[in-house]
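Participant: Any chance you can model this:
(2 chains)
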Amino acid sequence: MTAERAGTPRRRRRWAAALVVAAATTVVGAPAALAATTAADQTCTPDGSTSCIAVLVLDQDNAHVAGAEAVITGPEDFDETVTTTEDGLPAVATKTVGTYTIALDEGTLPADAHLAEGAASSIQVTAQLGSTSRAAFRVGDEAAPAPGASPGSGGSSGSQSEASSSGGIQAAQVWQQIGSGLRFGLLLALASIGLSLIYGTTKLSSFSHGEQVTLGAVLAYLTMNVMGLPIWLGAIITLAVCGATGWAQDAGIWRPLRRRGTPTVQLMIVTIGLSIALQFLIQLLIGAGTQRILTNNPSSWTVGPVTLTVVSWVSMIISVVVLAGVAWFLTRTRIGQATRAVSDNSALAAATGIDPDKIIRIVWVLATTLAGLGGMMLGMVFGSFNWQMGLQLLLLMFAAVTLGGLGTAFGALIGSLVIGMVVELSNLVLPSDLRYATALLILILVLLVRPQGILGRRERIG
Amino acid sequence: MELSRILSQVLGELIAPTTAAYALAAIGLNLHFGYTGLLNMGQAGFMLLGAYGFAISTIAGAGFFLALAIAIVAGALFALVLGIPTLKLRGDYLAIVTISAAEILRMIGRSTVFNDQTGGSSGLTGNSFKNTFLDLSFLTDGTTQFGPWTYQNNGSNSWWIRLVAWSVVLFAVLVVWLLTRSPWGRVLKGIREDEDAVRALGKNVYSYKMQALILGGVAGAVAGVLFCLPRAVQPDSMGRSMTFFIWTILLLGGAATIWGPVVGSMIFFGVYMLLRAGMRVALPDAISSAQIEQIGGMVVGITLMCLVIFRPQGIFGDKKELAFDAR
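Facilitator: Predicted coordinates for the structure are as follows:
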């Protein structure tokens, strides 16, 4: 592996002319200067804003196998095909940090070569700015782990990069991840504030809130992609339907059950049932595969050291505006103040003339609308989504809400930002398939050290 | 003809090893929730840990009983680790922590980092770990018919697995029956009804809750071993839906009853199969098999909702013994 790596830059240069795949989709709309460098020399040179993903297929003697095709897919609709050659390291360039999946087309392997038994035909690598991530497949009977297949290779192969100092690369990566973390945190906050408000006013941990998030993405997909409506109209319909589901849920299920005095734990299990039913309903609607809301190629903006897609920036701005609006609503309007009063002490609020049922109805509509907005924008920002999106986010929302303090809306905001940051920054040191696990670990640690969360009060933990 | 085929499928589900595994997991959950009032939302995590503990140690060369012991210890340790921070807190904290911990386990299991041990998301194939179990069989090779059921004596889908699985379930039922009649069991029920009253009697509530959590967790770990024996260890098949199915089974049969989890599991899988096989026969062209699975899943969710709303005590349960309003 070491010898092979030493020889790589020379091979790559020799091979440069043959490299045809020039990251067409990512180049579109990227800043012109950067695009020019990538396109001109036709090879992938990692620098401060470019990351390379290289594919190689090795036989048992570490010789390269030529002619195999591999499809590289990744965030923001990245989809490229590379063909391996005898002495080169075919690579594609990308501007987006994240996890890429390299799927080897086993049909294109030479007749005498086949993947070792049990070896994966697809590898995930983490692309990092200023370095080349390599995915290596090994053919032959020996099931030795292919070199470079481990996610850590992204970091170690940073030594290949022709950028100046490793310190600078690190800083660029960190900034990029902070940008992604902020984006994820803001969108997560939209979803988790609703969860927190529901908990605050009804003491219910709603397990079906994840499906409310997925519903936002599903409706956006159905209106904008399937029906082809303009984005603004699709968004309005999506939000209206999401809000209506909250209203209908409260009117049809939660209010009657509150009237009966059903204990909260029982209600929580009802939300689990609802969550299961909604998951399968969503699968019936859109199928089990991944779907895309926006079908056009994303363009990106660079602000300072952070490069994100335009959709991401717009989503972040919308999130900030909406979150500020929610904050204003909760602190300045009468209904918002009444909401906080009900959260604080429902009986006392009722005694002062507030109708808790009315407030809870408003909270449900607000919560499902915000979750729908969050889900719609997350679906756009991530490029694609599937029926599991909300399911995966639900525990992150719980983590955010618990971290911030159960039932406090502003705690949910802070908690979401922290969780978003942690999830994206953990990408730097951990393989990306463990990034959600770090957030959940934080949740458990918070409960150990400070169970009431950052903004929670001691009395709430019971 | 179709009718008899459906019927034999349903009858097959009633005694399937998977049904036994779910029943055992539900017995463990019954100790947690039914008797002690603990909201464990991560029973699938205990099962996954048991399955991994058994499979990985077998692949490493351990014999059957050592591997089983490792699975049991893994389940007990997991319960201990989860219980220490959460048992002093309110019930829904335990719910959130257990569901998160189970998810962490699943993510670690399917992560590429531990590919050599866990096989990543594709998991560990059954042939790599089940031979120590199959070698223990004292049945002669061949096929035996018993009533409507015909299976091979030995192998992955055999009488041997069924025999062992249901024996373990019966043993667990016996243990739970003895435990809940004992003074220890009465303390557990006391904790469920009124924690403070039990504390006032000088009992260490935390310790009792921990014992119940560990005991139920061990049942879950053994259930995980039973679950993986006829198939492979696949982390994604042992996620949250599994936990929720176990809850549905427990609430269907009736929490805080001795036979509730067992009968609940049989009814759940019997009806689930009847529903899907029935749809397949009645609407062969109208819907695809994927849609049948999805509709089946929706029915499970709606059943759980209706069950909790309209008959929270389940089929056998006593409404007075419900733990729903416990803390």
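Participant: Every contact and neighbour count from this point should use C-alpha atoms.
Facilitator: Fine.
Participant: which parts of the stretch 151-300 of chain B sit against chain A?
Facilitator: B:241, B:244, B:291, B:294-295, B:297-300 (CA under 8 Å from any CA of the partner chain).
Participant: can you tell me which residue is nearest the centre of chain A?
Facilitator: Geometric centre of chain A, nearest residue: A:Phe382, 5.7 Å, by CA atoms, centre = their mean.
Participant: if I pick the nearest residue to B:Glu321 once chain neighbours are set aside, what's in contact with it?
Facilitator: Spatially, and ignoring its direct neighbours in sequence, B:Glu321 is nearest to B:Ala256 (6.7 Å; CA to CA, 6 or more residues apart in numbering or on different chains). By CA atoms under 8 Å, 6 or more residues apart in numbering or on different chains, the contact list for B:Ala256 reads B:30-31, B:33-35, B:317, B:321-322.
Participant: which residues in chain B form strands?
Facilitator: B:143-146, B:149-152 (DSSP state E).
Participant: among those strands, which is the most enclosed?
Facilitator: Mean neighbour count (mean count of other CA atoms under 10 Å in any protein chain shown) peaks for strand B:149-152 among those, with a mean of 15.
Participant: thought B:Gly63 was touching B:Thr132?
Facilitator: Yes. The pair B:Gly63 / B:Thr132 is scored as a contact, 6.4 Å apart, by CA atoms under 8 Å.
Participant: got the contact list for the residue nearest to B:Gly119 when sequence neighbours are not counted?
Facilitator: Spatial nearest neighbour of B:Gly119, chain neighbours left out: B:Arg110 (7.4 Å); criterion: CA to CA, 6+ apart. The neighbours of B:Arg110, taking CA under 8 Å, 6+ apart as the test, are B:118-123, B:235-236.
Participant: Reformat those residues as CSV; add pLDDT and neighbour count.
Facilitator: Listed next are those as CSV, based on pLDDT from 0 to 100; neighbours: other CA atoms under 10 Å in any protein chain shown:
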residue, pLDDT, neighbour count
B:Thr118, 85, 22
B:Gly119, 83, 23
B:Gly120, 81, 21
B:Ser121, 80, 19
B:Ser122, 82, 17
B:Gly123, 86, 19
B:Pro235, 89, 28
B:Asp236, 87, 18
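Participant: Buried residues, the helix or strand of chain B with the lowest mean pLDDT. List them.
Facilitator: Ranked by mean pLDDT, DSSP states H and E, the helix or strand of chain B with the weakest confidence is helix B:115-118, at a mean of 84. Within helix B:115-118, the residues that count as buried by 16 or more other CA atoms under 10 Å in any protein chain shown are B:115, B:117-118.
Participant: Is it positioned near chain A?
Facilitator: No. If you take CA under 8 Å from any CA as the test, helix B:115-118 misses chain A, and the best it gets is 8.8 Å.
Participant: which other residues reach that helix?
Facilitator: By CA under 8 Å, 6+ apart, helix B:115-118 touches B:52, B:56, B:109-110, B:124.
Participant: Now for those residues: which two are most distant?
Facilitator: B:Ile56 and B:Arg110 (14.0 Å; CA to CA).
Participant: Quick one: name the residues of the stretch 151-300 of chain A near chain B.
Facilitator: Proximity of the stretch 151-300 of chain A to chain B (CA under 8 Å from any CA) is limited to residues A:151, A:205, A:257, A:263-266, A:269-281, A:283-284.
Participant: of those, buried ones?
Facilitator: A:151, A:205, A:257, A:264-266, A:269-281, A:283-284.
Participant: which bits of the stretch 301-450 of chain A sit near chain B?
Facilitator: So far as CA under 8 Å from any CA goes, the stretch 301-450 of chain A lies against chain B at A:395, A:398, A:431, A:433-434, A:437, A:440-441, A:443-444, A:447-448.
Participant: let's see it at 6 Å
Facilitator: A:433, A:437, A:440, A:448 (CA under 6 Å from any CA of the partner chain).
Participant: most surrounded residue in these?
Facilitator: A:Leu440 (27 neighbours; other CA atoms under 10 Å in any protein chain shown).
Participant: list the contacts for it?
Facilitator: A:Leu440 makes contact with B:Ser100, according to CA atoms under 6 Å, 6 or more residues apart in numbering or on different chains.
Participant: who does the lengthiest helix in chain A touch, helix- and strand-wise?
Facilitator: In chain A, taking DSSP state H as the definition, the longest helix is helix A:166-202. Secondary-structure packing of helix A:166-202 (3 or more CA pairs under 6 Å, 6 or more residues apart in numbering or on different chains; DSSP states H and E): helix A:334-344, helix A:356-381, helix A:409-429.
Participant: do you know how far A:Val401 is from B:Gln291?
Facilitator: Distance of A:Val401 to B:Gln291, computed by CA to CA, to the nearest Å: 35 Å.
Participant: Give me the more crowded residue out of those two.
Facilitator: A:Val401 (34 against 20).
Participant: Report the buried residues of whichever strand or helix holds that one.
Facilitator: Per DSSP states H and E: A:Val401 is located in helix A:389-404. Neighbour-count burial for helix A:389-404 flags A:389-391, A:393-404 (criterion: 16+ other CA under 10 Å).
Participant: Tell me if I'm right that B:Gly75 and B:Val218 touch.
Facilitator: Yes. With contacts defined as CA atoms under 6 Å, B:Gly75 counts as touching B:Val218 at a distance of 5.0 Å.
Participant: So which of those two has more stuff around it?
Facilitator: B:Gly75 (30 against 26).
Participant: Which residue ranges of the stretch 101-250 of chain A form strands?
Facilitator: For the stretch 101-250 of chain A, applying DSSP state E, counting those that start in this stretch gives strands covering A:122-127, A:132-138.
Participant: so which of these is the most packed in?
Facilitator: Mean neighbour counts for these (mean count of other CA under 10 Å) peak at strand A:132-138, with a mean of 28.
Participant: what about that strand, near chain B?
Facilitator: No. Using CA under 6 Å from any CA, strand A:132-138 never reaches chain B; the gap is at least 13.1 Å.
Participant: Show me what that strand is packed against.
Facilitator: strand A:51-58.
Participant: And the strand it packs on, how far out from the chain middle?
Facilitator: Strand A:51-58 sits 24 Å away from the centroid of its parent chain (CA atoms, centre = their mean, to the nearest Å).
Participant: After it, which helix or strand is next? Please name it.
Facilitator: Immediately after strand A:51-58, counting by DSSP H and E, sits strand A:69-74.
Participant: what's the angle between that following strand and strand A:51-58?
Facilitator: Put simply, strand A:69-74 runs at 150 degrees to strand A:51-58, going by axes from the mean of the first three to the mean of the last three CA atoms, to 10 degrees.
Participant: Could I get the full set of helices for the stretch 51-200 of chain B?
Facilitator: Assigned by DSSP state H, counting those that start in this stretch, the stretch 51-200 of chain B shows helices spanning B:64-86, B:91-110, B:115-118, B:131-135, B:159-181, B:183-193, B:195-200.
Participant: Out of the ones you listed, which is closest to A:Leu373?
Facilitator: Closest among these, using CA to CA: helix B:91-110, at 24.5 Å.
Participant: Check which residues of the closest one are buried.
Facilitator: B:91-110.
Participant: where in the stretch 301-450 of chain A is pLDDT low?
Facilitator: A:407 (pLDDT under 70).
Participant: if we can go back for a sec, any idea which of the strands of the stretch 101-250 of chain A gets closest to B:Val164?
Facilitator: By CA to CA (comparing all of those), the closest turns out to be strand A:122-127, at 38.4 Å.
Participant: Show residues contacting that closest one.
Facilitator: A:51, A:97-104, A:133, A:151.
Participant: In its sheet, which strands sit next to it, and in what direction?
Facilitator: Strand pairing for strand A:122-127, using DSSP bridges, gives strand A:98-104 (antiparallel).
Participant: out of the contacts of B:Ala256, which are buried?
Facilitator: B:30-31, B:33-35, B:317, B:321-322.
Participant: Pick out the most distant pair among those.
Facilitator: B:Leu31 and B:Gly317 (14.2 Å).
Participant: Please tell me how far the spatially most distant residue from the centre of chain A sits from chain B.
Facilitator: Relative to the centre of chain A, the most outlying C-alpha is that of A:Ala351, 44.0 Å out, by CA atoms, centre = their mean. Distance of A:Ala351 to chain B, given as CA to the nearest CA, to the nearest Å: 25 Å.
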